[in-house]
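>>> Have a look; sequence and predicted model below, questions after that.
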Number of protein chains: 4
Amino acid sequence: MIFGSDNQAGASDKVLASITEAYRGSAHDAYGADSITAAGAAAVCEALDTDAEVFFVSSGTAANMLALSAMVDPWGGVVCHHQAHILLDESTGPALFTGGAAVLPVPEREVRLTPAQLDDMITRLPSDAPHNVKAQAFSLTQANECGQVYSVDEIRALNETAKSHGLSVHMDGARFANAVAALDVHPSELTWKAGVDVLCLGASKNGAVAAEAIVFFDSTLAKDFEYRMKRTGHLTSKARLYGAQFSAWLDSDHWLELGRNANEMANTLRSTIGELDGVRLAWDCQSNETFVVFDKALFASLLDAGVSMYDWYPNAMPPSGELAEDEQLARMVTSFATTGDDIHAFAECVAAHR
Amino acid sequence: MIFGSDNQAGASDKVLASITEAYRGSAHDAYGADSITAAGAAAVCEALDTDAEVFFVSSGTAANMLALSAMVDPWGGVVCHHQAHILLDESTGPALFTGGAAVLPVPEREVRLTPAQLDDMITRLPSDAPHNVKAQAFSLTQANECGQVYSVDEIRALNETAKSHGLSVHMDGARFANAVAALDVHPSELTWKAGVDVLCLGASKNGAVAAEAIVFFDSTLAKDFEYRMKRTGHLTSKARLYGAQFSAWLDSDHWLELGRNANEMANTLRSTIGELDGVRLAWDCQSNETFVVFDKALFASLLDAGVSMYDWYPNAMPPSGELAEDEQLARMVTSFATTGDDIHAFAECVAAHR
Amino acid sequence: MIFGSDNQAGASDKVLASITEAYRGSAHDAYGADSITAAGAAAVCEALDTDAEVFFVSSGTAANMLALSAMVDPWGGVVCHHQAHILLDESTGPALFTGGAAVLPVPEREVRLTPAQLDDMITRLPSDAPHNVKAQAFSLTQANECGQVYSVDEIRALNETAKSHGLSVHMDGARFANAVAALDVHPSELTWKAGVDVLCLGASKNGAVAAEAIVFFDSTLAKDFEYRMKRTGHLTSKARLYGAQFSAWLDSDHWLELGRNANEMANTLRSTIGELDGVRLAWDCQSNETFVVFDKALFASLLDAGVSMYDWYPNAMPPSGELAEDEQLARMVTSFATTGDDIHAFAECVAAHR
Amino acid sequence: MIFGSDNQAGASDKVLASITEAYRGSAHDAYGADSITAAGAAAVCEALDTDAEVFFVSSGTAANMLALSAMVDPWGGVVCHHQAHILLDESTGPALFTGGAAVLPVPEREVRLTPAQLDDMITRLPSDAPHNVKAQAFSLTQANECGQVYSVDEIRALNETAKSHGLSVHMDGARFANAVAALDVHPSELTWKAGVDVLCLGASKNGAVAAEAIVFFDSTLAKDFEYRMKRTGHLTSKARLYGAQFSAWLDSDHWLELGRNANEMANTLRSTIGELDGVRLAWDCQSNETFVVFDKALFASLLDAGVSMYDWYPNAMPPSGELAEDEQLARMVTSFATTGDDIHAFAECVAAHR
């Protein structure tokens, strides 16, 4: 019963076969100058229907931090949701990679950013040069930090707000495949057509082994990017590992197929939870993440019984939905590999421990 | 005719099969807390016959820089050979990871460090606190930067010199397997028994896809190391990629078998070169790297004819062996995948272009 | 009519004479090893009635950042008030000096920190190593960011809360003299006796030219501090500048005399404002800073008429006191050099422009 | 008998009076926006006969590092003399300020850089992007590290060499006044007319208290410079300290008068040494620094007898002039305050201790 994270899942057979194939023989070039890497980058461009600068790394944290380092000055700031991965889950990496820039959360403890919140937050930021941090980028997570998905219109409105203040736009797409699958729109609609300058496109959580693409729609930002990769140890020598994964992952909409399974299983999980005692949905979700409130005792029993899931940051609970004393917020994540049997087993486990 | 670098080679079937196996199912934990990672770390300890703290990353540059960041202060310095990878080939990564530390080369332009050179260099370093950089670590490369191998006695003498000045010892073992295979001694003799505090053990250049181990023989240096990995983007989420490779790579001396082939092919290459016109060995080598002096015109013709090899840093040529005007220094590297046919083809190509 | 900042004021005659005296002849040592620097450090220790490690720099920002760099790891965090100088007014310096550490504000937009707010904030911080920022220090400003002064009991309670979570305590004392003068207690009561580990004691805003002391009550934190000063350019060569100022400033309670004048003038200003139309006190203040709400039109007229004062960060206004549309928050600061005539002139100016 | 450094000297009466004057009253603006700072900057421009961007800081190390941070990328490098202050005497500050850039010495251990050495060094630098450090700036010290002065032609030739490789040019002018006084040319000839892009003009060692100007002849490099100053703690609040010093220091060629005294006393010292036993000049000098070789026993006796001077980096001795076993290299520095009596006293002391 694996619901801790989509990074607990394995990899798809197709992706694994592509890795094996890529390393059967020699490459004429290393450090990403090889043909397999080029093919992977071309596949990313094709999937996004544009001609972008594409780079590959092994972790989503690396992708986000490297992207941001190309977007802000060492005295800059990145505005984001109060639960953003770049704020909470990347240690002090953003400061290290950017040479010091600050991550600036929108203060509202809501599950979803709105243009009004974003505008108010940026407007209130102190902006007396050179004393105050200079907001220079906006980072939007899609699917978002709370398991939700922003519509095309929402993304466009948020990005327009950011740009009206002179900020460029980064999208943390660690679960971008889930968002595309949930919305059933072309990925270009959610990104460059809606004002995104740089997309971090994650495959690791959705069927790959370790593969993240940094996609510069604004190619001027990609200047000197290989220096950034090299000096952070992210210019892998036998780099075809990443291109091989992306080519297979994107081929014939394999990525969306994988994402759809994760989403569908999440929908099944959410319906199931609606029928169980001692558990309730914390809020509405549309992607493969589900936030759940358990009776504390039940939660502990389930962990003991082998359900893998994480208790979650208390601040993720919006003010409108404060927890009771005996309640526990938790996150449950489904993946490309989750099956109906897994959810059935979870439901039985809950029933057994009530 | 691939002699550019051992990172152009593919991966061994055994390593590839182990990756595929590791990602067939789910893991209960991510970020290196899983059982496959643990098994990989145990395999490293067993191979080195000691109980060390072991961490895995995807690139040798990352391994070296993370290791050094645990060994020196931001105002410290790392002493090394004038051609060390950490000095020349890792951009300004060492300064980034350590918070500013300098890399300090021994000035002699020789192919091999001696204890006397090392002692003289450290003795001459300005040491007026807090103005001057404070040398705190010594980094030794084995097999070394020039294709040679240090004996157990040489390593011990160099490390004793470093330690007499208060420096800790880092070993850059990107080609450690080749060194062990060449010397036919137990790897512990070349490392912790000879004064090495931290070993960066590279598998990528010798049959793995992308796998480097950072091995702390002095476990006090490993304190907080996962913070260092996380904030540099090197704590991969589905981290079993590395443990899976190391377990297979070390199993039944597979790594030494791979390294031996690379070395033997290098020996064959060196004998062959001895019999060819227009080419000579730049100096004596014992590992899988060979440094060669070509007639310039011949060198250009060979590149055109599809021989992959690199022209090399002019400063690598020791003062005793300056090049003639019409000569070119180059590096040729064999790998676990090099065959006698490859070398034969190279020899024929040289004969054809003279 | 200078009410913009206490850094607009000149310097006291006594301090100026001491500088001139210090540079009449030669010093036997530079970089702070001279006898004038030693005498200044001894004067600081005597004033605080303890034996501390004392270092001098030229700016309060430098003092704060250097102090924090000795208190937290590059993956650490510093907890503070939502209007703290280290959060808002030191650009991204704290990240630069600490190697990446984050500044983490208590979210409540109140003018005064309470132990309960502090405890709640730290408790809610995500603390999953190595992913989340690790809170390691608490920074308290005295006199505080909003012109108020914490009592001995409040400081002790806040620091105990911080220490119960394992945080060390930094005090930003840019206006410490004003706080001591306002409370009329011995400075030791407000610092080391109340749990402060490191005090940044500012003289610049209160009669000196440029002189800030970093006072380590916990001397273990001072290890290698001169390296930190040197590599940030803050180890001034002819360093007796600072010791000379501190010796004169602390002599015969000169600093408190200067601080008392600033406070008394602030009290006069506050009484005066209470009697004027179109102006009101934003909240209660006890130090030499006063926060004032003006009619917007009046505020603009006063600036035009030559009143020097700053419009202030909108977020400084607590939620309980939101501004009306036509109101402007501003800060007015008195100094050792402010006179009753200055305040009288201001009052007349307000009357003239209503 | 103070010959340790020109930073042991006091300050000129004129400079001290100007400081006192500047702080008698209030300033309308802080952080360098005041009229005294503006007047100081104008004085610098006038002295250099150009319209440059001028900023002030308190230490030469800060000036150099801030200037370099505006000239190179975090993956860049700065080429310099093997004894340059930025290489040896600023800890790891250059890496900190630039975000990681390396300082790359010309290897020849000579007392003077030549265009041929510089060209050869840059040509030999590995330049395979993004692996190798990218040389982006050349830093020239005038008066130089070994007490010598480069002629206008030499400076022009060195800078042309640097620029032919795409490097911008920084001049470390900690003792620029001594160089101008020694050469008796207009300072513009030694700087912007000869290809210098950024000059760090030091007053501290030549009669000021603590005052260094960063002068951008290429104003595009000055973009965002105040952010750099702020986040390193070098944007002093009551910043008129520096402008006040520079205005007085530059007024009526006061700086050159001070520099001339230091040079003349150095000449007297050098003549005197030529007539003493047990002491010899290490090499020819033209500025206020003199490098001297002592019998070791004599050197120790002189220190005991109260002569302040420094033993010097062994690597400063050029290969052509190796020391005998019983010899000691030392540096002696004269200043604006040195008198003929000081030198006479030194000579008597030597005679007494032979």
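It's in. Numbers count the residues shown, from 1 in each chain, chains lettered A, B, ... in the order given.
>>> and whichever helix or strand A:Thr290 is part of, how far from the chain's centre?
Under the criterion of DSSP states H and E, A:Thr290 resides in strand A:289-295. Distance of strand A:289-295 from its chain centroid, counting by C-alpha atoms, centre = their mean, to the nearest Å, is 19 Å.
>>> Give me the sheet partners of it and which way each runs.
strand A:279-281 (antiparallel), strand A:327-333 (antiparallel) (DSSP bridges).
>>> Quick one: name the residues of chain A near chain D.
A:31, A:73-75, A:99-100, A:129-131, A:134, A:224, A:226-231, A:235 (C-beta under 8 Å from any C-beta of the partner chain). Glycine gets a C-beta too; all of them are placed from N, C-alpha and C.
>>> so who does the closest residue in space to A:Pro126 that isn't next to it in sequence touch?
Leaving aside its chain neighbours, A:Pro126 sits nearest to A:Asn132 (4.0 Å; criterion: C-beta to C-beta, 6 or more residues apart in numbering or on different chains). By C-beta atoms under 8 Å, 6 or more residues apart in numbering or on different chains, the contact list for A:Asn132 reads A:125-126, C:88-89, C:91.
>>> Take the strand holding A:Thr290, keep the C-alpha atoms, and write them as PDB.
What follows is strand A:289-295 as a C-alpha-only set of coordinates in PDB (Å, rounded to 0.1, in the frame of the first residue of the first chain):
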ATOM      1  CA  GLU A 289      -2.100  14.000  -4.900                       C
ATOM      2  CA  THR A 290      -4.800  13.800  -2.300                       C
ATOM      3  CA  PHE A 291      -4.800  15.500   1.100                       C
ATOM      4  CA  VAL A 292      -6.700  13.700   3.800                       C
ATOM      5  CA  VAL A 293      -7.600  14.200   7.400                       C
ATOM      6  CA  PHE A 294      -7.500  11.100   9.600                       C
ATOM      7  CA  ASP A 295      -8.400  10.400  13.100                       C
END
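>>> Take the strands paired with strand A:289-295 and write them to CSV, including mean pLDDT, distance to C:Val169 and mean neighbour count.
Shown next, in CSV, are the strands paired with strand A:289-295 (pLDDT from 0 to 100; distance: least, C-beta to C-beta, whole Å; neighbours: other C-beta atoms under 10 Å in any protein chain shown):
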stretch, mean pLDDT, distance to C:Val169, mean neighbour count
strand A:279-281, 96, 41, 17
strand A:327-333, 97, 31, 22
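>>> Parallel or antiparallel, list what pairs with the host helix or strand of A:Ala137.
Using DSSP H and E, A:Ala137 falls within strand A:134-141. Here strand A:134-141 is paired, per DSSP bridges, with strand A:76-80 (parallel), strand A:168-173 (parallel).
>>> packing partners for the next helix or strand along the chain from it?
With elements assigned by DSSP H and E, the helix or strand that comes after strand A:134-141 is helix A:152-164. Contact analysis of helix A:152-164 by 3 or more C-beta pairs under 8 Å, 6 or more residues apart in numbering or on different chains; DSSP states H and E lists helix A:115-124, strand A:134-141, strand A:168-173, helix A:187-190 as its packing neighbours.
>>> can you tell me if the longest one touches chain C.
Yes - counting by C-beta under 8 Å from any C-beta, chain C is contacted by helix A:115-124 at A:123-124.
>>> shouldn't A:Gly93 be in contact with A:Thr61?
Yes - look at A:Gly93 against A:Thr61 with C-beta atoms under 8 Å: they come within range, at 6.0 Å.
>>> More neighbours: which of these two?
Between A:Gly93 and A:Thr61, A:Thr61 has the larger neighbour count (other C-beta atoms under 10 Å in any protein chain shown), namely 30 against 27.
>>> got the contact list for the more buried one?
Residues in contact with A:Thr61 (C-beta under 8 Å, 6+ apart) are A:85, A:89-90, A:93, B:230, B:233, B:235.
>>> quick one: which of those residues sit in strands?
Among the contacts of A:Thr61, no member falls in strands (DSSP state E).
>>> on that earlier part again, neighbour count and distance to D:Gly4 added to the contacts of A:Asn132, as a markdown table?
Formatted as a markdown table, the contacts of A:Asn132 follow (neighbours: other C-beta atoms under 10 Å in any protein chain shown; distance: C-beta to C-beta, whole Å):
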| residue | neighbour count | distance to D:Gly4 |
| --- | --- | --- |
| A:Leu125 | 18 | 49 |
| A:Pro126 | 17 | 46 |
| C:Leu88 | 23 | 43 |
| C:Asp89 | 20 | 39 |
| C:Ser91 | 31 | 36 |
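>>> got a list of contacts for the longest helix that chain A contains?
Looking across chain A with DSSP state H, the single longest helix is helix A:254-274. Applying C-beta under 8 Å, 6+ apart, the external contacts of helix A:254-274 come out as A:3, A:6, A:12, A:14, A:47, A:147, A:177-178, A:180-182, A:203, A:206-207, A:248-249, A:279-281, A:285-290, A:292, A:332-340, A:342-343, A:346-347.
>>> Write the ChimeraX selection for whichever of those are buried.
In ChimeraX, a selection of the buried entries from those looks like this (16 or more other C-beta atoms under 10 Å in any protein chain shown):
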select /A:3,6,12,14,47,147,177,178,180,181,182,203,206,207,248,249,279,285,286,287,288,289,290,292,332,333,334,335,336,337,338,342,343,346,347
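>>> Identify the residue nearest the geometric centre of chain A.
A:Ala174 (2.4 Å; C-alpha atoms, centre = their mean).
>>> That one reaches A:Ser59, doesn't it?
No - using C-beta under 8 Å as the test, A:Ala174 is too far from A:Ser59 to be in contact (9.9 Å).
>>> shared neighbours of those two, which are they?
Contact criterion C-beta under 8 Å, 6+ apart; residues shared by A:Ala174 and A:Ser59: A:204, A:212.
>>> sorry, back to before: overlap in contacts, A:Gly93 and A:Thr61.
Contact criterion C-beta under 8 Å, 6+ apart; residues bridging A:Gly93 and A:Thr61 by contacting each: B:230, B:233.
>>> residue in the stretch 151-300 of chain A nearest to chain C?
Proximity of the stretch 151-300 of chain A to chain C (C-beta to the nearest C-beta) peaks at A:Thr232, 13.0 Å away.
>>> quick one: contacts for that residue?
Contact analysis of A:Thr232 by C-beta under 8 Å, 6+ apart lists A:62, A:65-66, A:97, B:62, B:93, B:96, B:232-233.
>>> Go through those residues and name the one nearest D:Ala22.
When the contacts of A:Thr232 are ranked by distance to D:Ala22 (C-beta to C-beta), B:Leu96 comes first, at 40.8 Å.
>>> Next, count neighbours for the closest one.
Counted with other C-beta under 10 Å, B:Leu96 comes out at 25.
>>> go on, A:Asp251?
Neighbour count of A:Asp251, defined by other C-beta under 10 Å: 14.
>>> Find the nearest non-adjacent residue to A:Ala174, please.
A:Gly202 (4.0 Å).
>>> wait, isn't that neighbour in contact with A:Arg175?
Yes - counting by C-beta under 8 Å, A:Gly202 does reach A:Arg175; the two are 6.7 Å apart.
>>> higher neighbour count, these two?
Under the criterion of other C-beta under 10 Å, the comparison of A:Gly202 against A:Arg175 puts A:Arg175 first, with 29 against 25.
>>> Next, give phi and psi for the residue nearest to A:Ala174.
For A:Gly202, the backbone dihedrals (degrees, to the nearest 10) come out as phi -100, psi 130.
>>> That one pairs with what?
Counting by DSSP bridges, A:Gly202 forms beta bridges with A:Glu212.
>>> residues touching it, list them.
A:Gly202 touches A:60, A:63, A:173-177, A:212, counting by C-beta under 8 Å, 6+ apart.
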